[in-house]
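Q: how does the following fold in three dimensions:
(chains A and B)
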Amino acid sequence: MKNQSRAADAFWGGFYKFGSIVLFVALWQLSCAAGLAPETFVASPVTIVKTLGNYILDGSLWRHSSISLSRAFYGFLLSTLVAVPLGFLLGGWHKNFERIVGPLLIFLGQFNPFALFSIFLLLFGIGETSKIALIFWVAIWPILYNVSMGVKNVDPLLVKLARSMGLGRLGLLRKIVIPSSASFIFNGLRLAAATSFFMLIPAEMMGASKGLGWLIINAQINYQIPKLYAGTVTIVVFGVLIDAFFRLLERKIVAWRQPLNL
Amino acid sequence: MSEINSIASNYIASGANIAQISPASFVRADLEKKFSRRVMAWYGIIFFLALWQAAPYLGLADARFIPPLSAVLAEAWSLMATGEFFIHVASSTQRALLGLFAAVAVSIPLGVALAGFFPRIARFIVPLLSLLGNINPFALFPLFILLFGVGELAKLAIIFWASLFPMLNFTIYGVANMDSAILKTAKSMGASPKSLFWKVILPGSLPAILTGFRLGATTAFLFLIAAEMLSANSGMGYLVHNASLNYRIPRIYVGVLGIALLGMAMSLLIDKLEKAFLSYKEEAQAA
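A: Take a look at the predicted model:
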């Protein structure tokens, strides 16, 4: 009895979790097979999977993906190196610094990354640097915001306690501030990684000759519908994977923190 | 970028609290402190603008690529004098408003109806909605161009798509996480589905809906600019793109600054909207 109800629970859990997605894909396939969706515009899931298989086998999918991923990675790395220390400073490590630089950063945060991309193209040329600069620009804000929030949310009692026990500034940072703001920092890193990959696609659509963004815009220009859908699906899959990777990393590293049940 | 706005509101909030709790004798000192803080808030921005103006003269930057602020402002003035600037502002604003309006008209009734009246269907469909919401609107842009052509419809579709899912997901979340005691009370007092919707569910989930609206509007505006850069013949994104194609460098900077100001204006407007809609919340806090 008990086993049966557990199996039923697992079934209903899975049903609620994936049922709508499965249904959506099934309806998509059926309407393509029945000729309800025009073949010139809509590729069926089976066609997409076949196309994906071909591109994986001839290695072209990996060539474009690896270029996109490495661009996103370098931009993300650069913004992490700049934004994490800056976030600590903004979070109250130095009050006047926060008061002077904070509003400037808020002002700069309003600048649209795509509009700035034109300027980056001017300054850095159409090579890799301008795309990495764009990603740096978009990834820096979530990290800055979350790190400074995390530092602000450190329990002052802990800080006072550690100080009264004679812990120095560096020790305070290492033993109190970093551990208690770790989940905020991870949240910022996860958002920044997602944003990096997200914004890379339009950047590659505007000025690149390789990468996933170029792949889909090129497919659209050449009217290669299955290729267009295959590229889009690849982008979605990578987006989901990046998110899952950072969630896993957070669970492994910030193991002492109970997850927030929102 | 919207996250940065909440840093801003945090600043304002902390300032306001200090003013409220200070005893009368400290008001003067407090005012001075507040004033110096206000000034300090401008230090960074003023320094940045001054550096921008001075950089070409100091040899820090090439004036061809980074023209001084004065040249950019002169270009802005000439664009405004011919009225061209306002045409672009108007066409971007019009697109943003149309797309947002369509997204609001679909997402809020749909979200409230799903979560409020058909919770099982809502639970079933939420994973699909969050998957669709995670799809990069840009990955879909070529598809939209195929389906809707290069005209206005493709751009409206991208704004609609980018703002629909944050709003829909937040609406469902807001309704599903409402205080169930209020719902049960209203039901036990015999409220009809109609008054349940207008008097209980909608006001109760409004804070979440407004958060979704802010998120949706910010994303939509971001993508509008990019969509206008890829294919349009008017709008702020087009202004920047066209200027960069024609190598009119100061004009690029005018566009970039204009877009930032437009974005700021939009977020201020949403602040006002939130205040107007959630006025009852503030009263509760003050009491």
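Q: can you tell me the closest non-neighbouring residue to the residue in the stretch 1-150 of chain A positioned nearest to chain B?
A: Nearest residue of the stretch 1-150 of chain A to chain B: residue A:104, at 3.2 Å (Cβ to the nearest Cβ). (Glycine included, C-beta is placed from N, CA and C.) Of all residues not flanking residue A:104 in the chain, residue B:44 sits nearest, at 3.2 Å (Cβ to Cβ, 6 or more residues apart in numbering or on different chains).
Q: also residue A:238?
A: Sequence neighbours aside, residue A:197 is the residue nearest to residue A:238 in space, at 6.3 Å (criterion: Cβ to Cβ, 6+ apart).
Q: and the helix or strand containing that neighbour, how far out from the chain's middle?
A: Under the criterion of DSSP states H and E, residue A:197 resides in helix A:178-206. Between the centre of helix A:178-206 and the centre of its chain there are 5 Å (Cα atoms, centre = their mean, to the nearest Å).
Q: so which bits of it are buried?
A: For helix A:178-206, a neighbour-count test (16 or more other Cβ atoms under 10 Å in any protein chain shown) marks A:178, A:180-206 as buried.
Q: repeat that for stretch B:166-185.
A: B:166-176, B:178, B:183.
Q: and stretch A:43-56, by the same measure?
A: Within stretch A:43-56, the residues scored as buried using 16+ other Cβ under 10 Å are A:43, A:44, A:45, A:47, A:48, A:51, A:52, A:55.
Q: hmm, residue B:155 is touching residue B:95, no?
A: Yes. Applying Cβ atoms under 8 Å, one finds residue B:155 in contact with residue B:95, separated by 5.7 Å.
Q: contacting residues around stretch B:201-218?
A: For stretch B:201-218, contacts defined as Cβ atoms under 8 Å, 6 or more residues apart in numbering or on different chains pick out B:1-2, B:96, B:100, B:103-104, B:107-108, B:111-112, B:116, B:162-171, B:173-175, B:177-179, B:182-183, B:263, B:266-267, B:270, B:273-274, B:277-278, B:281.
Q: CA atoms only for it, dumped as PDB, please.
A: Presented in PDB, the C-alpha positions along stretch B:201-218 are these (Å, rounded to 0.1, in the frame of the first residue of the first chain):
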ATOM      1  CA  ILE B 201      -7.800  38.400  -5.500                       C
ATOM      2  CA  LEU B 202      -6.800  41.400  -7.600                       C
ATOM      3  CA  PRO B 203      -5.900  43.800  -4.700                       C
ATOM      4  CA  GLY B 204      -4.300  40.900  -2.800                       C
ATOM      5  CA  SER B 205      -1.900  40.000  -5.600                       C
ATOM      6  CA  LEU B 206      -1.300  43.500  -6.800                       C
ATOM      7  CA  PRO B 207       2.200  43.900  -5.200                       C
ATOM      8  CA  ALA B 208       3.400  40.800  -7.000                       C
ATOM      9  CA  ILE B 209       1.700  41.900 -10.200                       C
ATOM     10  CA  LEU B 210       3.400  45.300 -10.100                       C
ATOM     11  CA  THR B 211       6.800  43.600  -9.500                       C
ATOM     12  CA  GLY B 212       6.200  41.500 -12.600                       C
ATOM     13  CA  PHE B 213       5.200  44.600 -14.500                       C
ATOM     14  CA  ARG B 214       8.300  46.400 -13.500                       C
ATOM     15  CA  LEU B 215      10.500  43.500 -14.600                       C
ATOM     16  CA  GLY B 216       8.500  43.000 -17.800                       C
ATOM     17  CA  ALA B 217       8.700  46.700 -18.700                       C
ATOM     18  CA  THR B 218      12.400  46.900 -18.100                       C
END
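Q: burial measure for residue A:62, as a count.
A: Neighbourhood size, residue A:62 [other Cβ atoms under 10 Å in any protein chain shown]: 12.
Q: and stretch A:217-226, end to end?
A: 13 Å (Cα to Cα, to the nearest Å).
Q: quick one: that stretch near chain B?
A: Yes. For stretch A:217-226, a contact with chain B is found by Cβ under 8 Å from any Cβ of the partner chain, at A:217, A:219, A:220, A:225.
Q: the buried residues of stretch B:166-185 in helices, which ones?
A: Applying DSSP state H to these, the entries found in helices are B:166, B:167, B:168, B:169, B:170, B:171, B:172, B:173, B:174, B:175, B:176, B:183.
Q: okay, the residues you listed in JSON lines with pLDDT and distance to chain A next?
A: Compiled in JSON lines, these are given as follows (pLDDT from 0 to 100; distance: Cβ to the nearest Cβ, whole Å):
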{"residue": "B:166", "pLDDT": "87", "distance to chain A": "14"}
{"residue": "B:167", "pLDDT": "90", "distance to chain A": "18"}
{"residue": "B:168", "pLDDT": "91", "distance to chain A": "14"}
{"residue": "B:169", "pLDDT": "88", "distance to chain A": "12"}
{"residue": "B:170", "pLDDT": "89", "distance to chain A": "12"}
{"residue": "B:171", "pLDDT": "89", "distance to chain A": "16"}
{"residue": "B:172", "pLDDT": "89", "distance to chain A": "13"}
{"residue": "B:173", "pLDDT": "87", "distance to chain A": "8"}
{"residue": "B:174", "pLDDT": "87", "distance to chain A": "12"}
{"residue": "B:175", "pLDDT": "86", "distance to chain A": "15"}
{"residue": "B:176", "pLDDT": "83", "distance to chain A": "11"}
{"residue": "B:183", "pLDDT": "80", "distance to chain A": "20"}
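Q: out of these, which comes closest to residue B:255?
A: Each of these was scored against residue B:255 by Cβ to Cβ, and residue B:166 proved nearest at 26.2 Å.
Q: check contacts around that closest one.
A: B:133, B:212, B:215, B:216, B:219.
Q: can you rerun that using 10 Å?
A: Applying Cβ atoms under 10 Å, 6 or more residues apart in numbering or on different chains, we find residue B:166 in contact with B:103, B:107, B:133, B:211-220.
Q: and the residue of the stretch 51-200 of chain B that's closest to chain A?
A: residue B:142 (3.3 Å).
Q: still on that earlier bit, contact partners for the residue nearest to residue A:238?
A: Counting by Cβ under 10 Å, 6+ apart, residue A:197 touches A:68-69, A:71-73, A:75-76, A:135, A:139, A:212, A:235, A:238-239, A:241-243, B:136.
Q: tell me the buried residues within those.
A: The neighbour count (16+ other Cβ under 10 Å) marks A:68-69, A:71-72, A:75-76, A:135, A:139, A:212, A:235, A:238-239, A:242-243, B:136 as buried among those.
Q: okay, and which of those map to helices?
A: Filtering the buried ones among the contacts of residue A:197 for helices - DSSP H - leaves A:68-69, A:71-72, A:75-76, A:135, A:139, A:212, A:235, A:238-239, A:242-243.
Q: for residue B:248, state which of the residues you listed is nearest.
A: When those are compared against residue B:248 (criterion: Cβ to Cβ), the nearest one is residue A:135, at 26.3 Å.
Q: and the closest residue to residue A:163 other than its chain neighbours, how close does it get to chain B?
A: In space, residue A:163 comes closest to residue A:172 once its chain neighbours are excluded; the distance is 7.0 Å by Cβ to Cβ, 6+ apart. Shown here: residue A:172 relative to chain B, a distance of 22 Å by Cβ to the nearest Cβ, to the nearest Å.
Q: what packs against the helix or strand hosting residue A:172?
A: Here residue A:172, judged by DSSP H and E, is contained in helix A:169-172. Using 3 or more Cβ pairs under 10 Å, 6 or more residues apart in numbering or on different chains; DSSP states H and E, the elements in contact with helix A:169-172 are helix A:156-164.
Q: show me how far the helix it packs on is from its chain's centre.
A: Centroid separation between helix A:156-164 and its chain, computed with Cα atoms, centre = their mean, is 35 Å.
Q: so which bits of that helix are buried?
A: Neighbour counts over helix A:156-164 (16+ other Cβ under 10 Å) mark residue A:162 as buried.
Q: from the buried ones among the contacts of residue A:197, which is closest to residue A:128?
A: Using Cβ to Cβ, residue A:71 comes nearest to residue A:128 of the buried ones among the contacts of residue A:197, at 6.7 Å.
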